[in-house]
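1. Here's my sequence, what's the structure:
(chains A and B)
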Amino acid sequence: DSGVTQTPKHLITATGQRVTLRCSPRSGDLSVYWYQQSLDQGLQFLIQYYNGEERAKGNILERFSAQQFPDLHSELNLSSLELGDSALYFCASKRTGGSEQFFGPGTRLTVL
Amino acid sequence: AQSVTQLGSHVSVSEGALVLLRCNYSSSVPPYLFWYVQYPNQGLQLLLKYTSAATLVKGINGFEAEFKKSETSFHLTKPSAHMSDAAEYFCAVSDGLSSNTGKLIFGQGTTLQVKP
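-> Just a heads-up that it's a prediction; the model follows:
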């Protein structure tokens, strides 16, 4: 158990819909990272938040957005969903000054 | 820009045999390097990391990796494979202390099969 939690575990929805994925980092970790894992693209960095502020952006679509709240949990919002958005979405957290990221169990999104 | 190449998407070994998973990286700054393991239907678990200290790094479950700057490599090894080692392995690079993002760039992954 990494200490990072993600909900829900599985999500099945239809094209055009909007979903929200939730992540709670390890206690005391201020950095939260979101990654997408798909068969064709592999593991890709999406976005990072540090203490409520966006710190880095990767290959994140404009239809996707994220935020980190004062209690440090983070949400990834995916809208106008397409079939190709079906993937595993991981959240990871890191302590300030640390080097390694601790990953949650992931949310498997299926878009039908 | 940083990148990681894992040579071989599938590696098959017999139980008890040496495991060697290859990783080459590209980075314009001193990198931090990581190996993660992913078991079916689970998240990623850190096996080991290199952060500019000792070049031979020991990790969990008997795995180790050697950082070779001249070869830009960070290959993962284990002397004797167990059935429980069957999983997908990811090599990753981050930009370490040169920035304060630390985002990970992953290789495509190597699936390790262990035959009895």
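
2. Quick check: residue B:35 touching residue B:67?
-> No: using C-beta atoms under 8 Å, residue B:35 is not in contact with residue B:67, being 11.3 Å away. The way it works is simple: take the backbone N, C-alpha and C, and place the C-beta from them, glycine included.

3. Quick check: buried residues in the lowest-mean-pLDDT helix or strand in chain A?
-> Ranked by mean pLDDT, DSSP states H and E, the weakest helix or strand in chain A is strand A:53-57, scoring a mean of 93. Across strand A:53-57, burial judged by 16 or more other C-beta atoms under 10 Å in any protein chain shown covers A:55, A:56.

4. where along the chain do the strands fall?
-> All of this refers to chain A. Ranges of strands in chain A, per DSSP state E, are A:5-7, A:10-13, A:19-24, A:31-38, A:42-50, A:53-57, A:64-68, A:74-78, A:87-94, A:102-103, A:107-111.

5. look at chain B instead
-> With DSSP E as the criterion, chain B has strands spanning B:3-7, B:10-14, B:19-26, B:32-38, B:44-50, B:56-58, B:64-68, B:73-78, B:87-94, B:105-106, B:110-115.

6. any residue of the last one up close to chain A?
-> No: Strand B:110-115 lies apart from chain A when judged by C-beta under 8 Å from any C-beta of the partner chain; the minimum separation is 11.6 Å.

7. What of the first one?
-> No: for strand B:3-7, no contact with chain A is found by C-beta under 8 Å from any C-beta; the gap never falls below 9.8 Å.

8. can you check the second one too?
-> No: applying C-beta under 8 Å from any C-beta, one finds that strand B:10-14 is not in contact with chain A, the shortest distance being 14.4 Å.

9. What strands flank that strand, and is each parallel or antiparallel?
-> strand B:110-115 (parallel) (DSSP bridges).

10. Can you name the residues in contact with the partner strand?
-> Strand B:110-115 is contacted by residues B:6, B:8-15, B:19, B:21-22, B:81-83, B:85-90 when judged by C-beta atoms under 8 Å, 6 or more residues apart in numbering or on different chains.

11. If we use 6 Å, what do you get?
-> B:6, B:8, B:10-15, B:21, B:81, B:83, B:85-86, B:88-89 (C-beta atoms under 6 Å, 6 or more residues apart in numbering or on different chains).

12. Over to stretch B:23-31?
-> So stretch B:23-31 is in contact with B:2-6, B:52, B:72-75, B:91, B:93, B:95-96, B:98, going by C-beta under 6 Å, 6+ apart.

13. and it, which residues are buried?
-> Within stretch B:23-31, the residues scored as buried using 16+ other C-beta under 10 Å are B:23, B:24, B:25, B:27, B:31.

14. quick one: the fourth one and residue A:37, what's the gap?
-> The one in question is residue B:27. 22 Å (C-beta to C-beta, to the nearest Å).

15. Next one: the most centrally placed residue in chain B from residue A:100, what distance?
-> Closest to where the C-alpha atoms of chain B average out (C-alpha atoms, centre = their mean) is residue B:35, at 3.1 Å. With distances taken as C-beta to C-beta, residue B:35 is found 11 Å from residue A:100.

16. Same check on residue A:81?
-> Distance from residue A:81 to residue A:100, by C-beta to C-beta: 32 Å.
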